[in-house]
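>>> Predicted model and sequence follow; I will ask about them next.
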Protein chains: 2
Amino acid sequence: MRLRIDLSYDGTDFHGWAKQPSLRTVEGTLEGALTRILRMESVSLTCAGRTDAGVHARDQVVHLDLDRATLGGIVRSSAVVPGDARVDAPVDALVRRLNGLLPHDVHIRRAAEAAEGFDARFSAIWRRYAYRIADAPRLVDPLRRREVLARPRRLDLVAMNDAAAMLLGEHDFAAFCRRRSGATTIRSLLELRWDRDEQGLAVATVKADAFCHSMVRSLVGCLLEVGEHRQEPGWSRTVLLAGTRNPAVRVARPHGLTLEQVAYPPDAELAAQAVTARVVRTLPAGEDADG
Amino acid sequence: MRLRIDLSYDGTDFHGWAKQPSLRTVEGTLEGALTRILRMESVSLTCAGRTDAGVHARDQVVHLDLDRATLGGIVRSSAVVPGDARVDAPVDALVRRLNGLLPHDVHIRRAAEAAEGFDARFSAIWRRYAYRIADAPRLVDPLRRREVLARPRRLDLVAMNDAAAMLLGEHDFAAFCRRRSGATTIRSLLELRWDRDEQGLAVATVKADAFCHSMVRSLVGCLLEVGEHRQEPGWSRTVLLAGTRNPAVRVARPHGLTLEQVAYPPDAELAAQAVTARVVRTLPAGEDADG
């Protein structure tokens, strides 16, 4: 059976999603908790968006394959408080035990048996990120300092949205991606828009079928040049069409970035979507990251 | 001249507002930064709401008195980046230099010369706190774990609001206050209401002319007994009328609590309000805290 797990994390103290020897990563931490609770030697996780060091997630999606008997085993071994008549479904017991074992900067939102054909990475139809900026001293909230970038100057969101509009659609985003040989950098940018939220923060909504490495933060870095009037709005298009990394585009700092949502098609279309995504993108394993 | 400073802080790593020898407090930290920047031997701060250890503030208000010449001095001594033609008003320079010197868990939102008769504590007409609870696993957001209490069971907000309504108005809140001899515990509770915010969190809005020590957290603790069905809604009234602390009312944990707003009357009424508040409450210095 295939299990889908939805989780959130504060990326501040992690070296990103992807497992790395002797570094604290979200994947490594979650795998450690799963192997311990499921009493498996190892588990293999596939995730929707491989976030970089310092990037957060409010709804990351992963899948793993396991025996139904292994999952059933955790109900029997579950420590039940005396007098507590709670009888859990195995996945509920798994969620409860994971949240008891995981550190406070990772939290399992839900788990469920995945529908036939589901693949956390290749069935996804789009990923949505938010990038948050406090661009005035009165907007800086110490309680949100881990997920909001502070900038001293007021951003011109009108100019930034003019610049953003010129990047929408299917393009080769090589100018905004960390190059990796043999991988396509063609992506469909479905949404890129700046708004003020209820607190007055400048928030970018960035939605695409998929992102290549460092793409969201490079897009934000490009638009910051426009928003702080070092470049005209049309510069975004110039950068895009040049097709090669421009040193004037700085990769925005990771802590303002949060993976907010991953969308999947209706169950009947999951397998077909996975086949399409694999063929169209034909990406090596490391490429589906953002940062 | 009297200076009004509005600030925010993440209370997690502070032992509350009030200065204590050899403990990290917000007052001590702010005083340290002010004496250094203003080159004064000491400064004396008066604040609107003396928050307890672990309690946060989004808009705390303080005042301090100083010579106009002392404030003017910081513009002359301000380190100006070569080529930066910025000329600050003294208070803007002060805000910038404070934020440069203060740790990341305290932030100055603004500073201004206070109107005649302003007193951060006694001119205030009400204080508003929020208490936030994630009462289901899917609501727990690791990025907000420092300011949101997690509870395993769904809260019955209808019952909690029934119980809350019975506490509104002017009463002796001794049952909800840490007793201190010689101080009145009569307060006007202007608002006490639970709602779900846009994320689905249960949020209490608690507004009163002033609070006595631990009052907000005791009110929340009382309502949690009702919201988790260990007590009927009418129990809140029984506790209030008993007029003495009830051991069944637990003081809710501090980290869910945030001072959100302090309200002042129009400038012309500031001095009169301060006189009234002093007379009506006649509180010793330590009493105006909440927790």
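Here it is on my side, so go on.
>>> Not counting sequence-adjacent ones, nearest residue to A:Gln231?
Of all residues not flanking A:Gln231 in the chain, A:Glu225 sits nearest, at 4.3 Å (Cβ to Cβ, 6 or more residues apart in numbering or on different chains). Every C-beta, even on glycine, is put in place using the N, C-alpha and C of the backbone.
>>> Count the neighbours of that neighbour for me.
As a burial measure, A:Glu225 scores 20 neighbours (other Cβ atoms under 10 Å in any protein chain shown).
>>> what helix or strand does it sit in?
helix A:215-227 (DSSP states H and E).
>>> helices or strands next to the worst-scoring helix or strand of chain A on mean pLDDT in the packing?
Every helix and strand of chain A was ranked by mean pLDDT, DSSP states H and E. The lowest is helix A:68-77, at a mean of 78. Helices and strands touching helix A:68-77, by 3 or more Cβ pairs under 8 Å, 6 or more residues apart in numbering or on different chains; DSSP states H and E, are helix A:26-38, helix A:90-101.
>>> rerun that using 6 Å as the cut-off
With contacts taken as 3 or more Cβ pairs under 6 Å, 6 or more residues apart in numbering or on different chains; DSSP states H and E, helix A:68-77 sits against helix A:90-101.
>>> Could you list the low-pLDDT ranges of chain A?
A:75-88, A:181, A:281-291 (pLDDT under 70).
>>> Please name the nearest non-neighbouring residue to the residue most central in space within chain A.
The residue lying closest to the centre of chain A (Cα atoms, centre = their mean) is A:Leu259, at 3.6 Å. Closest residue to A:Leu259 apart from its sequence neighbours, by Cβ to Cβ, 6+ apart: A:Ala57 at 4.2 Å.
>>> What is the three-state secondary structure of that neighbour?
Secondary structure assignment for A:Ala57 (DSSP: H, G, I helix; E, B strand; the rest coil): strand.
>>> number of nearby residues for A:Asp13?
A:Asp13 has 12 nearby residues by other Cβ under 10 Å.
>>> ok, now which ones touch it?
The neighbours of A:Asp13, taking Cβ atoms under 6 Å, 6 or more residues apart in numbering or on different chains as the test, are A:Asp105.
>>> Residues of the stretch 51-200 of chain A that sit close to chain B?
A:56, A:104-105, A:107, A:109-110, A:138, A:140-143, A:145, A:147 (Cβ under 6 Å from any Cβ of the partner chain).
>>> Most neighbours out of those residues, which is it?
The most neighbours, when these are compared by other Cβ under 10 Å, belong to A:His56, which has 28 neighbours.
>>> In this structure that one contacts A:Gly11, no?
Yes - counting by Cβ atoms under 6 Å, A:His56 touches A:Gly11, with 4.4 Å between them.
>>> How about the residue of the stretch 51-200 of chain A found nearest chain B, nearest residue that isn't a chain neighbour?
In the stretch 51-200 of chain A, the residue found nearest to chain B is A:Pro142; the distance is 4.2 Å by Cβ to the nearest Cβ. Nearest residue to A:Pro142, sequence neighbours excluded (Cβ to Cβ, 6+ apart): B:Asp10, at 4.2 Å.
>>> Quick check: the one you found touching A:Leu143?
Yes - under the criterion of Cβ under 6 Å, B:Asp10 makes contact with A:Leu143 at 4.9 Å.
>>> The residue of the stretch 151-291 of chain A found nearest chain B bridge partners, please.
Residue nearest to chain B within the stretch 151-291 of chain A (Cβ to the nearest Cβ): A:Thr258, separated by 7.4 Å. With DSSP bridges as the criterion, A:Thr258 is bridged to A:His56, A:Ala130.
>>> now for the helix or strand harbouring A:Val203, which elements pack on it?
For A:Val203, the element it lies in under DSSP H and E is strand A:202-208. Counting contacts by 3+ Cβ pairs under 6 Å, 6+ apart, strand A:202-208 is packed against strand A:126-134, strand A:186-196.
>>> Residues contacting the shortest one, please?
When contacts are defined by Cβ under 6 Å, 6+ apart, strand A:126-134 is touched by residues A:49, A:140, A:148-151, A:190, A:201-204, A:206-207, A:209, A:216, A:220, A:256-263.
>>> ok, how many other residues are close to A:Arg68?
10.
>>> Give me the distance between it and A:Arg36.
19 Å (Cβ to Cβ, to the nearest Å).
>>> What residues of the helix holding A:Glu225 count as buried?
A:215-227 (16 or more other Cβ atoms under 10 Å in any protein chain shown).
>>> what's the closest of those residues to B:Ser123?
Distance ranking of the buried residues of helix A:215-227 against B:Ser123, using Cβ to Cβ, places A:Gly227 first at 39.0 Å.
>>> thought the closest one was touching A:Leu155?
Yes - in this structure, A:Gly227 is within contact of A:Leu155 by Cβ under 6 Å, at 3.9 Å.
>>> Contacts for the helix or strand A:Ile108 falls within next, please.
A:Ile108 belongs to strand A:106-113 when assigned by DSSP H and E. Strand A:106-113 is contacted by residues A:1, A:4-9, A:91, A:94-95, A:98-99, B:138, B:140, B:142 when judged by Cβ under 6 Å, 6+ apart.
>>> Let me know the angle separating that strand from helix A:68-77.
120 degrees (axes from the mean of the first three to the mean of the last three Cα atoms, to 10 degrees).
>>> Can you dump the C-alpha atoms of strand A:106-113 in PDB for me?
The C-alpha coordinates for strand A:106-113 follow below in PDB (Å, rounded to 0.1, in the frame of the first residue of the first chain):
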ATOM      1  CA  VAL A 106       8.000  19.400  12.100                       C
ATOM      2  CA  HIS A 107       4.300  18.500  12.400                       C
ATOM      3  CA  ILE A 108       2.300  15.800  10.600                       C
ATOM      4  CA  ARG A 109      -1.000  17.400   9.500                       C
ATOM      5  CA  ARG A 110      -2.600  14.100   8.300                       C
ATOM      6  CA  ALA A 111      -1.900  10.700   6.800                       C
ATOM      7  CA  ALA A 112      -4.100   8.500   4.600                       C
ATOM      8  CA  GLU A 113      -3.800   5.600   2.300                       C
END
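>>> Is A:Ala164 located within a helix, as I assumed?
Yes - membership of A:Ala164 in a helix is supported by three-state DSSP.
>>> For it, which residues are in contact?
Residues in contact with A:Ala164 (Cβ under 6 Å, 6+ apart) are A:Leu192.
>>> please redo it, this time with the cut-off set to 10 Å
Applying Cβ atoms under 10 Å, 6 or more residues apart in numbering or on different chains to A:Ala164 gives the contacts A:157, A:189, A:191-194, A:204-206, A:219-220, A:222-223, A:226, A:233, A:236.
>>> any common contacting residues for A:Gly227 and A:Leu155?
Contacts common to A:Gly227 and A:Leu155, judged by Cβ under 10 Å, 6+ apart, are A:133, A:135, A:194, A:202.
>>> what's the burial count for A:Val62?
Count around A:Val62 with other Cβ under 10 Å applied: 23.
>>> rewinding a little: any idea which of the buried residues of helix A:215-227 is closest to A:Gly73?
Nearest to A:Gly73 among the buried residues of helix A:215-227, with distances taken as Cβ to Cβ, is A:Val216, at 39.9 Å.
>>> Could I get the contacting residues of that closest one?
Taking Cβ under 10 Å, 6+ apart, one finds A:49, A:51-52, A:55, A:127, A:129-131, A:176, A:192, A:204, A:206, A:208, A:251-252, A:254, A:256-257, A:259, A:290-291 in contact with A:Val216.
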